[in-house]
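K.L.:
got a structure for you, letters missing:
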């Protein structure tokens, strides 16, 4: 069974007349933008992925000003037979928040940090805070949150999907540090969900991603002491060494402490090492990165020392060793690898296959990538065992390796070449996939990847809860309204 078909309770959204949008405007403090009206198109296309044009449009976009606007919008949608989809920061890679018809609730204005309590290590935030901004605010209080790696991603989309986090080996994914969520239900009720109140909503919100049957308006977060020594070691190698590096890292990772993030990349050679690439390398290199979140620089240097015993170190093109960093410099580096304003295809997968087999399958193909901004990356879990996902969250996929291709380019004229390259890359990787990540999967092109982002038991519970708490199908599911 796949998710290619819409859920049985899905139904079409009734069209909304411009006069109805005007009546909605009278109920809210924010803005109700009707299709065809001023500012509608700019609001509809305020998305991260520039690949398009995307033909889907809602009937109305509601730019809410506060939680009560969300309640009013939901109640209005119920009255008028409108289906609802929610947009946070517009960073979904497949632009899944654009549906055919219905109401798009835009949370962009819910962008405040309500409180930070350093003594209790707690924060309350609205959903549209970027990873970079949240870290900056809590780091200033000597605290940290397991945010995502991309600086511009907003908190809500990140947490609703589970949250692949900085220092995940120690802190767990982002949702493991969520203690409560304030949300609006399909009935238009503003509730609090945590371990004891509305626990079904709490379970589903932490992993359901764009298929969540509610609107999260505030997150209550557990914060952690800020690591006093964040350090990175990086090393560039000729691309032909990728399988050898993969075999070495696969053997090395189980003996490394969990506070090290370890990754193997295939990237375009930066200017500093490009001259060392031979003609057969096509300007491409391997990049090994290791980031440690430690208490002291002595601990950081000791933890990263095994990276210096690489069996092909004599072929290293350039490296840094235990270089001090901050979260802000980490975001700078991550943002450079995943630049804004690009046309994108992405497909991230979980895998327990031998890492060398994965890189054997794709390294030759990476030589032919049409775009210099395309990245292929696999993060490697450190420690003796794969850390489990939270037992009480819909986010349920884990494996020894996580990654895939982020195919990015800038010009519309290059769409066909990059799409063809990306599709063939997925063909090479498919035999190794054990699952997908709902936040970094093209669920529009591959709706089956929705179900493959969850364990069978988690998926069954998620669908059962949707039937229970949104029996009329007010909220768009994962796939309806896309075709």
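P.N.:
Sure, I can see it. Here the structure is a predicted model, which is why all the values come from computation and not from measurement.

K.L.:
can you tell me which residues contact residue 459?
P.N.:
residue 451 (Cβ atoms under 8 Å, 6 or more residues apart in numbering). Every C-beta, even on glycine, is put in place using the N, C-alpha and C of the backbone.

K.L.:
three-state assignment of it?
P.N.:
Classification of residue 459 using DSSP: H, G, I helix; E, B strand; the rest coil returns helix.

K.L.:
and it, how far from residue 438?
P.N.:
Distance of residue 459 to residue 438, computed by Cβ to Cβ, to the nearest Å: 11 Å.

K.L.:
same question for residue 479.
P.N.:
Residue 479 is 13 Å from residue 438, by Cβ to Cβ.

K.L.:
kindly report the same for residue 81.
P.N.:
Distance, residue 81 to residue 438, by Cβ to Cβ: 28 Å.

K.L.:
could you do residue 377 as well?
P.N.:
18 Å.

K.L.:
so if I had to pick from residue 479 and residue 438, which one is more boxed in?
P.N.:
Each of residue 479 and residue 438 has its neighbours counted (other Cβ atoms under 10 Å); residue 438 has more, 26 against 21.

K.L.:
any chance you could map the strands in the stretch 51-200 of the chain?
P.N.:
Here the stretch 51-200 of the chain has its strands, by DSSP state E, counting those that start in this stretch, at 60-63, 84-87, 103-106, 113-117, 122-125, 143-144, 178-184, 190-193.

K.L.:
in its sheet, what does the longest one sit against?
P.N.:
Using DSSP bridges, the neighbouring strands of strand 178-184 in the sheet come out as strand 190-193 (antiparallel), strand 215-222 (antiparallel).

K.L.:
out of the ones you listed, which one sits most buried?
P.N.:
When the strands paired with strand 178-184 are scored by mean count of other Cβ atoms under 10 Å, the highest mean neighbour count falls to strand 215-222 (a mean of 23).

K.L.:
follow-up on the earlier one: save the strands of the stretch 51-200 of the chain as TSV, and put in distance to residue 400 too.
P.N.:
Shown next, in TSV, are the strands of the stretch 51-200 of the chain (distance: least, Cβ to Cβ, whole Å):
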stretch	distance to residue 400
strand 60-63	42
strand 84-87	33
strand 103-106	38
strand 113-117	35
strand 122-125	32
strand 143-144	25
strand 178-184	25
strand 190-193	32
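
K.L.:
of those strands, which is nearest residue 305?
P.N.:
strand 143-144 (24.2 Å; Cβ to Cβ).

K.L.:
what about that closest one, average pLDDT?
P.N.:
For strand 143-144, mean pLDDT is 98.

K.L.:
could you name the helices and strands sitting against that strand?
P.N.:
strand 224-225 (3 or more Cβ pairs under 8 Å, 6 or more residues apart in numbering; DSSP states H and E).

K.L.:
quick one: strands adjacent to the helix or strand that the strand it packs on is followed by?
P.N.:
Next along the chain after strand 224-225, taking DSSP states H and E as the criterion, comes strand 229-238. If you go by DSSP bridges, strand 229-238 pairs up with strand 284-294 (antiparallel), strand 318-325 (antiparallel).

K.L.:
give me the distance between strand 229-238 and the centre of its chain.
P.N.:
In terms of Cα atoms, centre = their mean, to the nearest Å, the centre of strand 229-238 is set 23 Å apart from its chain centre.

K.L.:
follow-up on the earlier one: as CSV, the strands paired with strand 229-238 with distance to residue 162 and mean pLDDT would be great.
P.N.:
CSV is the format used below for these (distance: least, Cβ to Cβ, whole Å; pLDDT from 0 to 100):
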stretch, distance to residue 162, mean pLDDT
strand 284-294, 20, 98
strand 318-325, 25, 98
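
K.L.:
most tightly packed of those?
P.N.:
The highest mean neighbour count among those, using mean count of other Cβ under 10 Å, belongs to strand 284-294: a mean of 24.

K.L.:
what separates the nearest residue to residue 189 once chain neighbours are set aside from residue 61, distance-wise?
P.N.:
Excluding the flanking residues, the one nearest residue 189 by Cβ to Cβ, 6 or more residues apart in numbering is residue 71, at 7.8 Å. Noted for residue 71: a distance of 17 Å to residue 61, by Cβ to Cβ.
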